[in-house]
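>>> return atomic coordinates for the entry below.
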Amino acid sequence: MAAVRYVGALVDGRMHGRGRIILTDDGSVVFDGTFRHGARDGSGTLALPNKITVTSQWADDALAGEAVINVDGKETYRGAMCNGRRDGHGRNEYEGVGVYVGAFRNDKRHGRGVMTFHCDRGEYDGEWSLDEITGKGKATFKPQGIVAQGEWQRGMLHGRGCIQFANDDRYEGEFCNGMRSGQGVLTMANGDAYAGQWDSDLPNGEGRFTSSNGDIFTGRFVCGRRQGQGQLRIASTGETLTGEWVDDMLTGPGKSVRDDGTVYEGDFLDGVRHGFGTLTPGGDSAGRYEGAWVAGRRHGRGRIELPDGSTVVGQFDQGALVRVLEYTFARDSPWADPST
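Purely as a prediction, here's the structure:
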């Protein structure tokens with residue numbers, strides 16, 4: 001322990017009044033202030049290692065009340081102290097980082113406070129716990145034009161919250177470790193909207209996507225894409241597609257129903273009829289087709305049931321009947337075989 005000496009007022013051989021405690025080795029002042037009955041009491045400045053100075057009121061040799069702490073010019077605190085620690089309301093400036101104004105407890109930011117960051121002019125206004133952003137609060141990221149508010153844990157949105165983006169997109173719902181996870185609603189400036197389950201910042205699980213053009217998809221999402229069982233209502237055509245979705249496209253067994261009563265039931269690939277399927281047109285203007293499809297067109301072997309009851313089995317090429325393999329007249333046709 002370094003040797004020290006006292007220079008100042010004495011009463012009955014004890015430090016009492018104005019005085020200084022000085023290191024014997026180099027003559028540097030450790031404390032400059034007032035004493036009472038041998039203890040620091042009243043106003044005074046304490047010099048600590050690493051260029052830290054503390055100017056405050058003292059009581060019974062301990063910091064008490066308001067204080068100014070300077071750490072090598074890099075950090076400055078002005079505010080309440082208790083038992084030598086920041087405790088109560090104060091203002092702490094961190095060089096190159098920002099300024100915090102609010103509550104402290106046991107030398108840490110704790111309670112309600114506002115942190116303004118120098119680098120991006122961002123601001124957090126809300127609750128703190130043990131020097132971390134935890135609790136309810138609002139963060140503003142000015143360069144990006146983003147406002148985030150809700151429940152926070154260790155500096156990240158966690159629980160219920162809301163984010164308003166610069167382009168006027170808005171998400172309101174649940175968060176986990178700063179990412180949208182759980183139930184939430186995203187409303188986009190272009191008129192699109194998604195409501196449903198989220199995971200790792202992407203639609204994941206059951207949800208409903210409404211497009212600005214009126215299209216509505218209800219079903220399952222995986223990593224932001226339609227995947228699994230779902231239904232798409234297309235506003236422009238009046239068509240409803242139901243079935244299995246793979247990588248955002250209807251693929252596999254499915255069903256298409258139009259407002260005019262036209263129904264297709266069968267296989268799809270990448271959103272179009274492909275494989276084997278049955279098309280039943282609405283009204284009486286056309287016949288029912290059952291057979292092969294390729295890229296949305298009748299292609300391969302197929303069978304048509306005409307409105308009069310006759311049937312045609314033939315070979316189709318890109319939607320056109322190119323070869324008749326079998327023709328069956330309707331039962332009431334004069335050309336029908338009476339033996340059948």
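>>> which parts of the stretch 201-340 of the chain are strands?
Under the criterion DSSP state E, counting those that start in this stretch, the stretch 201-340 of the chain contains strands at 202-210, 216-222, 225-234, 239-246, 249-258, 263-269, 272-280, 288-294, 297-305, 311-317, 320-328.
>>> just put the ones you listed in JSON lines and tack on mean neighbour count, distance to residue 88 and mean pLDDT.
Yep, even glycine has a C-beta here, placed from its N, CA and C like the rest. Output for the strands of the stretch 201-340 of the chain, formatted as JSON lines (neighbours: other CB atoms under 10 Å; distance: least, CB to CB, whole Å; pLDDT from 0 to 100):
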{"stretch": "strand 202-210", "mean neighbour count": "18", "distance to residue 88": "44", "mean pLDDT": "98"}
{"stretch": "strand 216-222", "mean neighbour count": "19", "distance to residue 88": "49", "mean pLDDT": "98"}
{"stretch": "strand 225-234", "mean neighbour count": "18", "distance to residue 88": "52", "mean pLDDT": "97"}
{"stretch": "strand 239-246", "mean neighbour count": "19", "distance to residue 88": "58", "mean pLDDT": "97"}
{"stretch": "strand 249-258", "mean neighbour count": "18", "distance to residue 88": "61", "mean pLDDT": "96"}
{"stretch": "strand 263-269", "mean neighbour count": "19", "distance to residue 88": "68", "mean pLDDT": "97"}
{"stretch": "strand 272-280", "mean neighbour count": "18", "distance to residue 88": "69", "mean pLDDT": "96"}
{"stretch": "strand 288-294", "mean neighbour count": "20", "distance to residue 88": "76", "mean pLDDT": "96"}
{"stretch": "strand 297-305", "mean neighbour count": "18", "distance to residue 88": "78", "mean pLDDT": "94"}
{"stretch": "strand 311-317", "mean neighbour count": "17", "distance to residue 88": "85", "mean pLDDT": "92"}
{"stretch": "strand 320-328", "mean neighbour count": "11", "distance to residue 88": "86", "mean pLDDT": "88"}
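>>> what ranges in this structure fall below the confidence cut-off?
For the chain, applying pLDDT under 70 flags the ranges 1-2, 24, 27, 284-285, 329-340.
>>> please redo it, this time with the cut-off set to 80
For the chain, the stretches with pLDDT under 80 are 1-2, 24-29, 49-50, 63-65, 83-84, 120-121, 283-286, 329-340.
>>> output the strands of the stretch 201-340 of the chain as JSON lines; include the columns distance to residue 60.
JSON lines is the format used below for those (distance: least, CB to CB, whole Å):
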{"stretch": "strand 202-210", "distance to residue 60": "59"}
{"stretch": "strand 216-222", "distance to residue 60": "65"}
{"stretch": "strand 225-234", "distance to residue 60": "68"}
{"stretch": "strand 239-246", "distance to residue 60": "74"}
{"stretch": "strand 249-258", "distance to residue 60": "77"}
{"stretch": "strand 263-269", "distance to residue 60": "83"}
{"stretch": "strand 272-280", "distance to residue 60": "85"}
{"stretch": "strand 288-294", "distance to residue 60": "92"}
{"stretch": "strand 297-305", "distance to residue 60": "94"}
{"stretch": "strand 311-317", "distance to residue 60": "101"}
{"stretch": "strand 320-328", "distance to residue 60": "103"}
